[in-house]
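**Q** would you be able to build a 3D model of this:
(2 chains)
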Amino acid sequence: MQIYLPIAEVSVNIFLLLGLGGMVGVLSGMFGVGGGFLMTPLLFMIGIPPAVAVATEANQIVASSFSGVLAHFKRKTVDIKMGFILLIGGLIGATVGVWIFKYLKSIGQVELLVTLSYVVFLGMIGSLMFVESLNAIRKSKKPGVVPRKKKHNWIHGLPFKMRFRTSGLYISVIPPILVGLVVGILAAIMGVGGGFIMVPAMIYLLGMPTKVVVGTSLFQIIFVTAYTTLSHATQNFTVDAVLALLLLIGGVIGAQIGARIGVKLKAEQLRILLAIMVLAMCGKLAADLLLMPSELFSIGTGGH
Amino acid sequence: MIRKLSLALALVAAPLAAEETVVVDLSQNRVAITANYSGSEIFVFGAVKRDTPLAEDIAPLDVAIVVEGPLEHTTVRKKDKALGIWINTESVEIDAAPSFFTVATTGPLDEILNVEDQHKYAIGLDHAIRPQEHDEPNADVASFAEAITRIRVDEGLYSEREGIISLTSETLFNASIQLPANLVEGDYTARIYLIRDRNIVSDSSVAIAVRKEGLERWLYNLAHEQALIYGLLSLLVALVAGYGASEIFRLLKR
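**A** Okay, the predicted model is just below:
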């Protein structure tokens, strides 16, 4: 059954969209990631114009993060204060990101920027996760647990310190704002929530306890992606509500199934699987850049 | 005697004056793109009106039909290898490229119509994209224009279907024109040409309005005219869906 998407102006199979949403939903439920970094490139592959894919995916992430954060609120694992500090950086970053996106779209390099960002970030995060989970698997086989030292690095020397009770931290607001800024830019350019960058940054850079990381990240992502959606909708007219809705339906169902599968697997195994998946997507996109394309020409949308 | 002679002359002269006109009708003048639009088919029906009967030795009649979408200003980009990766380096602006273009004929185009008229009236894939006067007529622009045609042929937006028009008794003809699923809205035209002896003897054109309708129309207008409201509405849908999903599965877990 075909459906004509009003903004993307292409006709796609409705079950393909539901299936994609479901598949990515299962993975996001299993691994606790938003799945935007998988969905956006998949949308490119099925022929959705990149500008529409990026903007629409932001809208879909609002829904999945909102659904996720509700559960975290009940468990009280959201550091709202930290969330708002991250959000300040995030909103500035998203504004800059939409602006960069608009500019590159006009000179025809938006596709390159999006692909390059994906290759760099997926490559980095994928390899880090892969190495780290391999080490974790090795360590878990040895007896005895190595106690983790409390890090005290340059971050603690910065001014404007603030107390974050939920996270049990007393740190400067500069690093969270910077983390929010970077993720905000990426969210706007790549059509992702940025959880896959935000989560490691919160653990390793800010030293936040793991249990509040996911909830806080989701909390912040809702606002940044909502803002990104509005910016894309008002400046680029590229949010396709019908596409978002179909992906959503598949996504929310998939996420719940994924969450159940996730419980049955070990954390290290999960992470190594996710790492392999991230690296595979990275490799595919890198190949597109490195190998000679079969069609050298492409038709841009609009003009000037 | 003189009158008889002039009548005979008139009979001989009539076919040469080509007093043939084409009369056309379409199965529909309007294509509605609704949510479940997945392509459509338009039938072109035509008849040839003659004041005088045909001469015995006249060249056979041929028909060409061109259906064309709105002309759009289009940017074509070309990738080149730079710093080891393939990136867009050159771009050319094409002033008028139709969003959709299809040609149907009674026979091989080059055999039934002279090349000058193919070019002049934009009949045939090679002439789908017309260079504008202020375009620089160099080989480079031509290769970019060819690229548009090539890409759109692959996407099913441009096509040339020779020999699909059926012509009955040199008078009646009909053809079916397929419109693809990924159609863009706008004012389309169907141009019909009668051809004899590789020359156009009569032509006609009919407009086809392709419009989004229903939900599609409403969403598209809202997105462009009330962008903020549309954006907020999209967010609201997302939040409701997110909340709904979380509630439904909380109930299921019990």
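
**Q** isn't B:T89 right up against B:K79?
**A** Yes. Counting by Cβ atoms under 8 Å, B:T89 does reach B:K79; the two are 7.0 Å apart. In short, each C-beta sits where N, CA and C put it, glycine included.

**Q** those two: which has the busier surroundings?
**A** Using other Cβ atoms under 10 Å in any protein chain shown as the criterion, B:T89 and B:K79 rank with B:K79 on top: 20 against 13.

**Q** okay, helices next: where are they in the stretch 151-254 of chain B?
**A** B:215-225, B:227-253 (DSSP state H, counting those that start in this stretch).

**Q** swap in chain A?
**A** For chain A, the helices defined by DSSP state H occupy A:14-31, A:36-45, A:50-74, A:80-107, A:110-141, A:174-190, A:195-200, A:210-231, A:241-264, A:267-290.

**Q** residues making contact with the last one?
**A** Looking back up the chat, that one is helix A:267-290. Contact with helix A:267-290 is made by A:27, A:30-31, A:33, A:37-38, A:41, A:112, A:115-116, A:118-119, A:122-123, A:125-127, A:129-130, A:132-134, A:136-137, A:140, A:196, A:262, A:265, B:84-87, as judged by Cβ atoms under 8 Å, 6 or more residues apart in numbering or on different chains.

**Q** list buried residues within these.
**A** A:27, A:30-31, A:33, A:37-38, A:41, A:112, A:115-116, A:118-119, A:122-123, A:125-126, A:129-130, A:133, A:196, A:262, B:85-87 (16 or more other Cβ atoms under 10 Å in any protein chain shown).

**Q** which residues touch A:I80?
**A** By Cβ under 8 Å, 6+ apart, A:I80 lies in contact with A:T166, A:T216, A:F219.

**Q** the same query, at a cut-off of 7 Å, please.
**A** When contacts are counted by Cβ atoms under 7 Å, 6 or more residues apart in numbering or on different chains, A:I80 touches A:F219.

**Q** how about low-confidence regions in the chain?
**A** You didn't pick a chain, so chain A it is. Applying pLDDT under 70 to chain A flags residues A:32, A:140-157, A:301-304.

**Q** switch to chain B, please.
**A** In chain B (pLDDT under 70), the answer is B:1-18, B:131-139, B:254.

**Q** just checking, B:S99 touches B:E72?
**A** Yes. Between B:S99 and B:E72 there is a contact under Cβ atoms under 7 Å: 5.6 Å.

**Q** more neighbours: these two, which one.
**A** Shown here are B:S99 and B:E72; by other Cβ under 10 Å, B:S99 has more neighbours (21 against 17).

**Q** contact partners for that one?
**A** Contacts of B:S99 (Cβ under 7 Å, 6+ apart): B:G69, B:P70, B:E72, B:L157, B:V184, B:G186.

**Q** just give the nearest non-adjacent residue to the second one, would you?
**A** On the basis of Cβ to Cβ, 6 or more residues apart in numbering or on different chains, the spatially nearest residue to B:P70 that is not a chain neighbour turns out to be B:G186, at 3.4 Å.

**Q** quick check: domain ranges of chain B?
**A** B:20-212, B:214-254 (automatic domain parsing).

**Q** out of those, nearest to A:I61?
**A** Closest approach to A:I61 among the domains of chain B (Cβ to Cβ): domain B:214-254, 8.4 Å.

**Q** flag every residue of the stretch 151-254 of chain B that's near chain A.
**A** Contact residues, the stretch 151-254 of chain B versus chain A (Cβ under 7 Å from any Cβ of the partner chain): B:151, B:181-182, B:184, B:212, B:216, B:219-220, B:223-224, B:227-228, B:230-231, B:234-235, B:237-239, B:241-243, B:245-246, B:249.

**Q** now the buried members of those.
**A** Judged by neighbour count, with 16+ other Cβ under 10 Å as the criterion, the buried members of those are B:151, B:181-182, B:184, B:212, B:216, B:219-220, B:223, B:227, B:230-231, B:234-235, B:237-239, B:241-242, B:245-246, B:249.

**Q** so who does B:V237 touch?
**A** By Cβ under 7 Å, 6+ apart, the residues touching B:V237 are A:A241, A:L245.

**Q** ok, it to A:I257 distance?
**A** 22 Å (Cβ to Cβ, to the nearest Å).

**Q** what's the answer for A:I92, then?
**A** A:I92 sits at a distance of 37 Å from A:I257 (criterion: Cβ to Cβ).

**Q** do the same with B:A59
**A** Taking Cβ to Cβ, one finds B:A59 at 70 Å from A:I257.

**Q** try A:L27
**A** When distance is defined by Cβ to Cβ, A:L27 is 10 Å away from A:I257.

**Q** likewise for B:I248?
**A** Computed with Cβ to Cβ, the distance linking B:I248 and A:I257 is 13 Å.

**Q** ok, A:V224 next?
**A** Computed as Cβ to Cβ, the A:V224 to A:I257 distance reads 27 Å.
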